[in-house]
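Colleague: from the sequence below, what's the structure:
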Amino acid sequence: MPPTPRSQGPKKAGVKVPSQGGDGSHRRLLIIAGAAGLLLVCVGLGYVLFGGGSSSSASSDGASALEAAGCTVQKVKALKSNDHTILAATGTSKKWNTSPPTSGPHFAQQAVWGSYTEPLLQAQVVHNLEHGGIYIQYGKDVPQATIDELKGFYDSHQNGTLLAPLPSLGSKIAIGAWTTSSPSKPDTGTAYLAKCTTFDEAAYAAFFKAYQGQGPERFPMVSLAPGS
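Modeller: Below is the predicted model:
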């Protein structure tokens, strides 16, 4: 796995204050030093308050966008990663805490990335999510016009995406992602399962932007191309 760059906050600049004083020039230097210190405090406070570009706000926006579009979003504590205790691709696990599953035990071989016309094996799909992928699975009662829209969306988000039917979803569309704050903390993640009855391109895109590539085992998105 590629190393994760460490973000750095603002660095304090040294301010040299005269040790002797009493005249006007020394007082001016002290005023300048005080103003510089105040500026550093303000910059640091702004960094804390506004997150310094952190992913938490983006993640919140991803879930909120789907909720605003009429979807329900289930957010759960992700189960342990690197758990290959499902020994058959057709297997399941009683530990799964969403349906369809979004984290936890899975089969050792992932599904091939791509768009499918037949249902996928969920024990494999979870492995894809562990690598930072997102699935879109749709029920047997989803209108063909909506399925066509999903296929169009898939065409512009192919890397790291699985699109497939899952008849048991009925009239709903399920979108699943497994995330962690850092690949160095693979077992402290969050899993998301959104269920929608319609397609909203902007909301789906916001969800993908927030969560895709954020799994406990992270690979470059180019390596998650269809057919791999």
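Colleague: what number of residues lie near the closest residue in space to residue 188 that isn't next to it in sequence?
Modeller: Distances taken as CB to CB, 6 or more residues apart in numbering put residue 180 closest to residue 188, at 6.4 Å, once the chain neighbours are dropped. All C-beta atoms are positioned from the backbone trio N, CA, C, and that covers glycine. For residue 180, the count of nearby residues is 23 (other CB atoms under 10 Å).
Colleague: would you map out the domains in the protein?
Modeller: Residue ranges for the domains of the chain, per automatic domain parsing: 11-52, 55-224.
Colleague: what's the average pLDDT for the shortest one?
Modeller: Across domain 11-52, pLDDT averages out at 40.
Colleague: how close does residue 218 sit to residue 132?
Modeller: Per CB to CB, to the nearest Å, residue 218 is found 5 Å from residue 132.
Colleague: got the contact list for the spatially most central residue of the chain?
Modeller: The centroid of the chain falls nearest to residue 211 when counting by CA atoms, centre = their mean (2.0 Å). When contacts are counted by CB atoms under 8 Å, 6 or more residues apart in numbering, residue 211 touches 59, 62, 134, 177, 179, 192.
Colleague: surely residue 173 and residue 150 touch.
Modeller: Yes. Between residue 173 and residue 150 there is a contact under CB atoms under 8 Å: 7.0 Å.
Colleague: common neighbours of those two, please.
Modeller: 136, 138, 199.
Colleague: quick one, what contacts the last one?
Modeller: When contacts are counted by CB under 8 Å, 6+ apart, residue 199 touches 146, 149-150, 153, 173.
Colleague: go again with 10 Å.
Modeller: Residues near residue 199 by CB atoms under 10 Å, 6 or more residues apart in numbering: 69, 136, 138, 142-143, 145-150, 152-153, 173.
Colleague: any chance of a ChimeraX selection covering the buried ones in those residues?
Modeller: With 16 or more other CB atoms under 10 Å as the criterion, this ChimeraX line picks the buried residues out of the contacts of residue 199:
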select :69,136,138,142,146,147,149,150,153,173
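Colleague: low pLDDT regions in the protein?
Modeller: Within the chain, the segments meeting pLDDT under 70 span 1-60.
Colleague: residue contacts, residue 98?
Modeller: 74-76, 78-79, 104, 174, 176, 191-193, 195.
Colleague: and stretch 192-206, end to end?
Modeller: 13 Å (CA to CA, to the nearest Å).
Colleague: just the buried positions in that stretch, please.
Modeller: 192-197, 199-200, 203-204, 206.
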